[in-house]
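*Asks:* predicted structure and sequence below. I'll ask about it afterward.
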Amino acid sequence: MSMIQRSTYVTVGAIDLAAEKIGEIPVVAKVRDGAVKLRERSVIERAREVEPRLRKRSEELQKRGEKVIKQAKTRRSQARKQFKAFQTDTRKQIEAFRTDPRKQIGEFRTRIEKAVTDLPFVDRDNGAKKSPAKQPAAAANKS
């Protein structure tokens with residue numbers, strides 16, 4: 001006997017022993033017995049057993065589908081409302097963005113003008129500071 005034949009016989013023998021040991025496991029024996037029982041019953045009998053469960057499951061799935069579609073419709077209408085509100089809010093923000101800096105600059109300008117006019121020794125015509133001591137000397141130099 002050649003080495004290849006001998007290793008083949010050893011492998012086949014090991015597989016046969018493993019299959020025999022697996023068949024002795026209680027769970028496998030139950031599955032095997034159940035398969036035999038299933039073969040004994042006809043396909044029509046099995047279909048009659050399965051049909052009520054399938055009908056019940058299909059009704060549950062139908063209700064679930066109706067619920068999902070209803071939710072999708074309400075979410076769609078909510079999304080439309082939010083989108084319209086988003087457009088309106090965005091327009092308002094853009095308008096405020098245009099006008100707010102103008103208002104702020106205008107208020108800033110009036111505050112600066114008020115602060116400058118309230119300072120002592122400020123010439124209101126050109127904004128230059130005047131010193132009371134230097135005014136008479138400047139008048140004397142002009143003459």
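*Replies:* Perfect, I can see it now. Numbering: from 1, shown residues only.

*Asks:* could you pull out the helices for this protein?
*Replies:* Along the chain, counting by DSSP state H, helices occupy 3-24, 26-40, 43-118, 134-142.

*Asks:* pLDDT score for the most centrally placed residue in the chain?
*Replies:* Nearest to the mean C-alpha position of the chain, by CA atoms, centre = their mean, lies Ala79 at 14.6 Å. Note on Ala79: pLDDT of 87.

*Asks:* ok, back up a step: looking at the helices of the chain, which has the lowest confidence?
*Replies:* Among the helices of the chain, helix 134-142 scores lowest, at a mean of 51.

*Asks:* relative to Lys70, how far out is the residue nearest to the centre of the chain?
*Replies:* 15 Å (CB to CB, to the nearest Å). Glycine gets a C-beta too; all of them are placed from N, C-alpha and C.

*Asks:* repeat for Ala96
*Replies:* In terms of CB to CB, Ala96 sits 39 Å off from Lys70.

*Asks:* ok, back up a step: quick one: the residue nearest to the centre of the chain from Ala72, how far?
*Replies:* Taken as CB to CB, the span from Ala79 to Ala72 is 10 Å.

*Asks:* re earlier: for Arg91, see how far away the residue nearest to the centre of the chain is.
*Replies:* Counting by CB to CB - Ala79 and Arg91 are separated by 19 Å.

*Asks:* do the same with Ala115
*Replies:* For Ala115, the distance to Arg91 - CB to CB - is 36 Å.

*Asks:* Ile112 too?
*Replies:* With CB to CB as the criterion, Ile112 and Arg91 are 32 Å apart.

*Asks:* sounds good, over and out.
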